[in-house]
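Participant: I would like to see how this sequence folds:
(2 chains)
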Amino acid sequence: MNIAPRKRFGWSAPTSAVGRQQERLGWILVLPSLIVVFAVAIYPLFETFRLSFTNARLASTREVRNVGFENYRRLLEDDQWWTSLKNTLIFTVSSVSIEAILGMIIALTIHSQFRGRGLVRTSMLVPWAIPTVVSSMLWQWMLNDRYGVINSILVRLGFMDADRNFAWTANPSTALGALVAVDVWKTTPFMALLLLAGLQIIPSDVYEAAYVDGASKWQQFWQITLPLVKPALLVALVFRTMDAFRVFDLIFVLKQAATETMTVAIYTQQTLIQANRLGAGSAAAVVVFLCIGLMVLGYSRMISVEEG
Amino acid sequence: MATAESTIGQTRISEEELNRIRAAYQQKSSTNVISLLGRIGFVVLLLVIIVYTLFPFYWAVKSSLTPTNDLVKTPVTLWPERLTFDHYRTVFNDGGFVRALANSAIVSFSVVVLALLIGTLGAYALGRLKFRGKTIILYLILSMTMFPAIAILGSLFQMMKQFHAYNTLWGLVIVYLTFTLPFTVWVLTNFFRAMPEELEQAALVDGATPMRALREVLLPLAIPGMVTTALLAFISAWSEFLYARTFTLTDKAVTVQVAISQFTGNQQFEEPFGVRMAAAVVVTVPLLVGVLLVQRRIIAGLTAGAVKG
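Facilitator: Numbers count the residues shown, from 1 in each chain, chains lettered A, B, ... in the order given. Have a look, this model is predicted:
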């Protein structure tokens, strides 16, 4: 898939009648999509920016005043916000890096030829296809302190006393880690499939040559596989980082708005909807948007570098 | 997905020949004890991967079929000792849950149909026609596919209230276009662009209008791509939670994701583990069936974007 069009089309008007006709038709066909995107995404985004400078509240008849940067100032003074940001960063960095390593191991494993390979690839689609809400519920049950299968297995393997029912998700010190584990389970297969596609375009004669030259498997990985799979890896990393940074459902279903696992998305949703503070919540939304916008920018730069 | 062309020097060698070379190369590296151990390790690794990816869903199915008395028995058994369909009966007797299933189906189908209708036209224009502003529109659509929903939650809420769309299915359909439409346009644009240029050229030379060329030449060829795109869009709409949770309130519009996240079943005195798992399985099975049916295309579709960048 190319991100940029094959050739940049200049701004000079088309000269031929066919060209003019095509230009008109192009705009007519693309217009419905543009209208929808403007109405349900771009306009609301501008509204969010505008509201972030006001004291607007949801479901209130109070007069809306412009308050300048007041919402942003308060946001930066709110401990809850900083906790959310810290949680989000911990969640993002740990889940994405674990996913990358596990994903790479899985991709390398599946990349070799063996019988039943299709079956393994199919099984990888299962966690991806399960709705996030469902995977949260599923792991909540598996991690249940008294009847959960995880504790039961840990007891059987001798890692845990049978009478000590450890509540992974309820305990503030392990809750975030447990959530990272759920996210890793849900998205590692996706990461692995992306990496697998990257591995598959490496021609096998490169490895054959390396083998002839006497390179060990380990050397082959670091000097051939990794550099060649890097573009796919980078794209997968950025995608996953953006996704993890805005995490909401996975955590909300399991922990609602508990402080120890509150993320920036949950903070924003709570401020907006639960507390009705439309202005303050919009300021938080703008900050989240800008963070993700920066990542998107980095991503698109990476792609244009690829093309150049 | 791109296939690697194997060439040695400038001469292309046949596939069979290449396989012979590969076989010899692989044989060489698998003749001693170390490689036998390596093979065992490999099989173990594969098993671990399969168990890791599939066990949680197996556990949901198993729990959904296990009587509550057995569910709260310790130690936990990995296989069901007795089977029951009680949990599924409870789920389907719950009017609210059934209504939520219907709501989700209505919303997801409508949004996919709308996104395909609008998106195919736009994608055809962006993929096959030349017009000024195309580049900017493409970048706009691409950035929209990565748009964080939380950024517009508040202003959408206000708009929903204004247009009396709060707690309605049609309101949810329109909101869901924020993520399904850009995705559809983006994927289909690339799909159209990948088709050889001669395709509609012949039709155009014969005097057909571009619209006729789209209808009669390109669309039939685009159907596989559209089916996959539709399925992916359906999955994202069916699984959506943040908007559904924020913009719906009562049975009238609550979707199945919101319903199961608050599922308590009918039992009042015990935690409804089995019922919750039954509900989870019911919500997931349609997606799994769809995914398994078109899995090849999904893997190709998911990965195409990431590889060539």
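Participant: List the residues that contact B:Ala222.
Facilitator: For B:Ala222, the set of contacting residues under the criterion of Cβ atoms under 8 Å, 6 or more residues apart in numbering or on different chains consists of B:Thr120, B:Leu188, B:Phe191, B:Phe192, B:Met195. All C-beta atoms are positioned from the backbone trio N, CA, C, and that covers glycine.
Participant: For residue 80, give me its contacts.
Facilitator: Because you didn't say which chain, this covers chain A. Residues in contact with A:Gln80, defined by Cβ under 8 Å, 6+ apart, are A:Thr259, A:Met262, A:Tyr267.
Participant: other chain: chain B
Facilitator: B:Pro80 is in contact with B:Lys62, B:Leu65, B:Thr66, B:Asp70, counting by Cβ under 8 Å, 6+ apart.
Participant: Adding secondary structure and neighbour count, write these out as JSON lines.
Facilitator: Shown next, in JSON lines, are these (DSSP: H, G, I helix; E, B strand; the rest coil; neighbours: other Cβ atoms under 10 Å in any protein chain shown):
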{"residue": "B:Lys62", "secondary structure": "helix", "neighbour count": "18"}
{"residue": "B:Leu65", "secondary structure": "coil", "neighbour count": "20"}
{"residue": "B:Thr66", "secondary structure": "coil", "neighbour count": "25"}
{"residue": "B:Asp70", "secondary structure": "helix", "neighbour count": "17"}
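Participant: one step back: for the contacts of A:Gln80, which entry has the maximal number of neighbours?
Facilitator: Note: the member of those with the most neighbours is A:Tyr267, at 27 neighbours, neighbours being other Cβ atoms under 10 Å in any protein chain shown.
Participant: Tell me which helix or strand the closest residue to that residue other than its chain neighbours sits in.
Facilitator: In space, not counting the residues next to it along the chain, A:Tyr267 is nearest to A:Ser84; the distance is 4.0 Å by Cβ to Cβ, 6 or more residues apart in numbering or on different chains. Under the criterion of DSSP states H and E, A:Ser84 resides in helix A:79-111.
Participant: Now do that helix: distance to the chain's middle.
Facilitator: Mean-position distance between helix A:79-111 and its chain equals 9 Å (Cα atoms, centre = their mean, to the nearest Å).
Participant: same thing with stretch B:233-252?
Facilitator: 15 Å.
Participant: Could you list the buried residues of stretch A:34-47?
Facilitator: By neighbour count, and taking 16 or more other Cβ atoms under 10 Å in any protein chain shown as the criterion, the buried residues in stretch A:34-47 are A:Leu34, A:Val36, A:Val37, A:Val40, A:Ala41, A:Ile42, A:Pro44, A:Leu45, A:Glu47.
Participant: Let me know the closest of these to B:Val282.
Facilitator: Using Cβ to Cβ, A:Val40 comes nearest to B:Val282 of the buried residues of stretch A:34-47, at 30.0 Å.
Participant: do stretch B:207-218 and chain A meet?
Facilitator: Yes - judged by Cβ under 8 Å from any Cβ of the partner chain, stretch B:207-218 comes into contact with chain A through B:Pro210, B:Met211.
Participant: Then stretch B:97-115?
Facilitator: No - applying Cβ under 8 Å from any Cβ, one finds stretch B:97-115 out of contact with chain A, separated by at least 8.5 Å.
Participant: who touches that stretch?
Facilitator: Outside stretch B:97-115, the residues touching it (Cβ under 8 Å, 6+ apart) are B:91-92, B:169-170, B:172-173, B:176-177, B:180-181, B:183-184, B:230, B:233-234, B:237-238, B:251-260, B:263, B:279, B:282-283.
Participant: Where do the domain boundaries of chain B fall?
Facilitator: If you go by automatic domain parsing, the domain ranges for chain B are B:18-85, B:95-264.
Participant: check whether stretch A:62-78 contacts chain B.
Facilitator: No - Stretch A:62-78 lies out of reach of chain B by Cβ under 8 Å from any Cβ, never closer than 11.0 Å.
Participant: ok, back up a step: comparing the domains of chain B, which comes out most buried?
Facilitator: Most buried of the domains of chain B by mean neighbour count (mean count of other Cβ atoms under 10 Å in any protein chain shown) is domain B:95-264; its value is a mean of 20.
Participant: quick one: average pLDDT of that domain?
Facilitator: For domain B:95-264, mean pLDDT is 91.
Participant: what about the residue of the stretch 151-300 of chain A found nearest chain B, helix or strand, and which?
Facilitator: Closest approach of the stretch 151-300 of chain A to chain B (Cβ to the nearest Cβ) occurs at A:Ala197, with a separation of 3.4 Å. Using DSSP H and E, A:Ala197 falls within helix A:172-200.
Participant: helices or strands up against that helix?
Facilitator: The contact analysis (3 or more Cβ pairs under 8 Å, 6 or more residues apart in numbering or on different chains; DSSP states H and E) places helix A:172-200 against helix A:79-111, helix A:117-129, helix A:132-142, helix A:226-245, helix A:249-255, helix B:33-64, helix B:295-308.
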